[in-house]
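In: Next input, structure requested:
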Amino acid sequence: MLEEDKQEMDSAYGRLPPVFQMDDFDRCMLLGVEALYCTIEFQLRPVDPENITDEWKQIMVNLLLWEYFLILIYLSELIPEDHDKLHRKLRTPGHIKHIICQTNEVLPFDIYDTTVIIFLLAYTSFIIFASFYEGLARYKDKRDYQQVTGTLFGKIISCFSIPNNYYRLRTVNHSTETENLKCIQGIRFFNMSLVIMTHSIMGKHIAPINNTRMAETFTEHFGNIFLTAGYVAVQTFFLISAWLLTYHAFLAFEGGKKLNIKILFWIFINRYIRLTPLLLVILALHSTLIAHVTRGPFWDHIIGTEYRNCRKNAWTNLLYLNNYVHPQEMCALHTWYIAADTQIFILALLLLAAIKNYKDKIKWILGISLVIAVSIPGVLAYVYDYDSVVRPFPENMYKFFLNVEEWHALYTAGHSNIGAYIIGMIFGYLFYIYRNVDLFTGRIYGLLYFIFSYGMAIGIVAAAFPMYNSAYIHSKLISAVYWSFGKNIFALAIGIGIFGGTKKLGWFGTWICCWNPVQVLGRLTYSAYMIHMILMRVRYSVLRYPYHMNRYNYFIDAIGDVTSAYFFAFFLCLIFEMPISALQKLWLPQGKQSTEPEQAHSPSIISK
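Out: Numbering: from 1, shown residues only. Below is the predicted model:
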């Protein structure tokens, strides 16, 4: 946008009424039975639709702000049905699109809420018992400890012991294989931190803000483009998941292991058992107790909608189909990645079975798969004329992107993320081939490493900057090219970064990713991923007044969200995630017999 147009736009914007007006929620709730706090969605329109002013044309062409105007009012001033009075109060032409009201009545507990509470209390009691049972045995000599924990009962109890799981969590394996792939744990942690920070920044738009002009021009500042990079950062997880699966599959092939239908079935069952218990706990919280935690002006929009969606559609999450079935009413929308990764995981198993049977065709199998996978999002973008990027307009973020077709078709859909997975499979195969070979011994390789890892990753994100500009002229061809190659080039850059890190390239970046404390934090990634959105929703739902956005608040809040996510992830991991991984080794056939680490069966955000 030219500077003259920007000034003209700012001037026009300044003459509009505030986008958010909020009355005192707590004062309203003091009215007792008369308390009624209503959220009203009001759509502006020009005074004379037949003769639209230049100011309105600027607003309608350059931004989507004009579509929504929100005001919060309570009963002592206005009843929702009194539309004429509302128009007089606003002194602005338009019409009411949506009204939702709250009273001071407490939401009653139903059978589902009660069931979840009983389960959590019973499970917590069992965890305490198991912790004391196994923990006290630690004070005995080694022989007595083995007698206590060596029985089947003792082994099962030990799986739920917090001291035992804490020891497992903080123990860093120093085997040759683990050392070679050590940097992956650090990348898990830093990449998940980036995803949480992106959600933190984008999530502020689901709540009222007072400097809405900044929100609407957010992506017109070059530096802010990197704050919206979560959509490409998630490709790292697909890449790592495929890398580990492929590498351990080739190790199994080397040992002469079969890959028949039965083995494929047990590999999938291992994965399902590994993922689902913690997911089920999170879904239970989203569909029950989260609704009772807070009250606030935006409770229904931030908490109530999620509560209803999860009551209705949580079953799709358990089938890992939530990114395809009722996606506009998705429960725990951040779990789309687990669904997509599971869907592509099944495809990857079939490809590995084909590779096992046609070892001499491996380059053809992976090459053709890569071409098809990279082409899919581009073809869809071209055929359906999708935008080049998922635009973080305030209206889109206010609705959690659930109203954006590109978000569903090209971001969360499994078929649009296969490219990064195939790239990960290729790197997993290359790592298997060259795992014991010294490569990149010359200094020039260090320079090339930074260019094709950091440089290429930053460059492909920066390349989208012109597309975010409000004056950008849409092109079907450019959209198709960027959707095909944008996030896949980013995945390629990360793959080069990891591969170089395994060969001791990368200097400080590799060192920090291999640092022992980061190794432990990397193991908390899945729990942090699962819990962070609940924490954000609760925090935003209690806001009483519009939030002021600036880069300082962005940074401080993002760091706080990452810290709180990993703080709660520590307990989730010890109480839910690690007991399940320990139980798997006791009773699942694949878990007993396979020499593959369980992380090979899990998405890249999981590692034990």
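
In: now the helices: where do they sit in the stretch 451-600 of the chain?
Out: If you assign secondary structure with DSSP state H, counting those that start in this stretch, the helices in the stretch 451-600 of the chain sit at 456-462, 465-468, 476-502, 508-514, 516-522, 525-541, 551-572, 578-587, 589-593.

In: Compare those helices and give me the one nearest Phe222.
Out: Of all those, helix 465-468 sits nearest to Phe222, with 5.6 Å by C-beta to C-beta. Just so you know, the C-beta spots here come from the backbone N, C-alpha and C atoms, and that holds for glycine as well.

In: how about that closest one: buried residues?
Out: Neighbour counts using 16 or more other C-beta atoms under 10 Å place 465, 467-468 of helix 465-468 among the buried residues.

In: tell me which of the residues you listed is nearest to Ser484?
Out: Taking C-beta to C-beta as the measure, Ser484 sits nearest to Met467 out of the buried residues of helix 465-468, at 14.3 Å.

In: before we move on, the earlier item: which of the helices of the stretch 451-600 of the chain sits closest to Arg295?
Out: Arg295 sits nearest to helix 525-541 of all the helices of the stretch 451-600 of the chain, at 8.1 Å, using C-beta to C-beta.

In: got the CA positions of the closest one in PDB?
Out: Included here for helix 525-541 are C-alpha records, laid out as PDB according to Å, rounded to 0.1, in the frame of the first residue of the first chain:
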ATOM      1  CA  THR A 525       6.600 -31.800  23.200                       C
ATOM      2  CA  TYR A 526       3.500 -33.900  22.700                       C
ATOM      3  CA  SER A 527       2.000 -33.000  26.100                       C
ATOM      4  CA  ALA A 528       2.800 -29.300  25.500                       C
ATOM      5  CA  TYR A 529       1.200 -29.500  22.100                       C
ATOM      6  CA  MET A 530      -2.000 -31.000  23.500                       C
ATOM      7  CA  ILE A 531      -2.400 -28.700  26.500                       C
ATOM      8  CA  HIS A 532      -1.400 -25.300  25.200                       C
ATOM      9  CA  MET A 533      -4.600 -24.400  23.500                       C
ATOM     10  CA  ILE A 534      -6.700 -25.000  26.600                       C
ATOM     11  CA  LEU A 535      -4.500 -22.600  28.600                       C
ATOM     12  CA  MET A 536      -4.800 -19.900  25.900                       C
ATOM     13  CA  ARG A 537      -8.600 -20.300  25.600                       C
ATOM     14  CA  VAL A 538      -9.000 -20.000  29.400                       C
ATOM     15  CA  ARG A 539      -6.700 -16.900  29.500                       C
ATOM     16  CA  TYR A 540      -8.500 -15.000  26.700                       C
ATOM     17  CA  SER A 541     -12.000 -15.900  27.900                       C
END
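
In: and it, average pLDDT?
Out: When the per-residue pLDDT values of helix 525-541 are averaged, the result is 93.

In: and what of stretch 437-451?
Out: When pLDDT is averaged along stretch 437-451, the result is 87.

In: Convert the C-alpha atoms of that stretch to CSV, please.
Out: C-alpha atoms of stretch 437-451 as CSV (Å, rounded to 0.1, in the frame of the first residue of the first chain):
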residue,chain,number,x,y,z
VAL,A,437,30.0,-42.4,6.7
ASP,A,438,32.0,-39.2,7.3
LEU,A,439,30.7,-36.5,5.0
PHE,A,440,31.1,-32.8,4.5
THR,A,441,34.7,-32.5,5.9
GLY,A,442,35.7,-29.4,3.9
ARG,A,443,35.0,-25.8,5.2
ILE,A,444,33.0,-25.0,2.1
TYR,A,445,30.3,-27.5,3.3
GLY,A,446,29.7,-25.4,6.4
LEU,A,447,28.9,-22.3,4.3
LEU,A,448,26.7,-24.4,2.0
TYR,A,449,25.0,-25.8,5.0
PHE,A,450,23.9,-22.4,6.3
ILE,A,451,22.8,-21.3,2.8
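
In: in it, what's buried?
Out: For stretch 437-451, burial by neighbour count (16+ other C-beta under 10 Å) applies to 448-450.

In: Let me see the contact set for Lys257.
Out: Neighbouring residues of Lys257 by C-beta atoms under 8 Å, 6 or more residues apart in numbering: Ile263.

In: Mark out where each domain of the protein begins and ends.
Out: The record assigns the chain these domain ranges, following automatic domain parsing: 3-102, 111-170, 176-601.

In: Please work out which of those is packed deepest.
Out: Burial of the domains of the chain is given as mean neighbour count (mean count of other C-beta atoms under 10 Å); domain 176-601 ranks first at a mean of 19.

In: Look at the residue positioned nearest the centre of the chain and report its pLDDT.
Out: Among the residues of the chain, the one closest to the centroid is His334, at 4.3 Å (C-alpha atoms, centre = their mean). We note a pLDDT of 93 for His334 in this prediction.

In: Could you give the backbone dihedrals for it?
Out: For His334, the backbone dihedrals (degrees, to the nearest 10) come out as phi -70, psi -10.

In: Next: Ile261.
Out: The main-chain torsion angles of Ile261 are listed as degrees, to the nearest 10 and equal phi -60, psi -40.

In: Can we start the residue count at 44 from this point?
Out: In the new numbering, first residue 44, that becomes Ile304.

In: and the gap between it and Leu393?
Out: Taking C-beta to C-beta, to the nearest Å as the measure, Ile304 falls 11 Å from Leu393.

In: Surely Tyr425 and Ala523 touch.
Out: Yes - using C-beta atoms under 8 Å, Tyr425 and Ala523 qualify as a contacting pair, with a distance of 3.9 Å.

In: before we move on, the earlier item: find the nearest non-adjacent residue to the residue nearest to the centre of the chain, please.
Out: Counting by C-beta to C-beta, 6 or more residues apart in numbering, Met576 is the residue found nearest to His377 once chain neighbours are left out, at 4.9 Å.

In: Return the residues in contact with that neighbour.
Out: With contact taken as C-beta under 8 Å, 6+ apart, Met576 is in contact with 242, 375-377.

In: which one of those residues sits closest to Cys557?
Out: Proximity of the contacts of Met576 to Cys557 was ranked by C-beta to C-beta; the top entry is His242 with 26.6 Å.

In: Give me the distance between the closest one and Thr484.
Out: According to C-beta to C-beta, His242 and Thr484 sit 41 Å apart.

In: What I need now is the buried residues of stretch 480-494 written out in TSV, including secondary structure for each item.
Out: Written out in TSV, the entries for the buried residues of stretch 480-494 read as follows (DSSP: H, G, I helix; E, B strand; the rest coil):
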residue	secondary structure
Leu491	helix
Tyr492	helix
Phe493	helix
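
In: Which of those sits closest to Trp450?
Out: Sorting these by distance to Trp450 puts Phe493 at the head of the list, at 32.5 Å, by C-beta to C-beta.

In: hmm, back to that, relative to Gly410, tell me which of the helices of the stretch 494-643 of the chain wins on proximity.
Out: Set against Gly410 and scored by C-beta to C-beta, the helices of the stretch 494-643 of the chain come closest in helix 519-545, at 14.1 Å.
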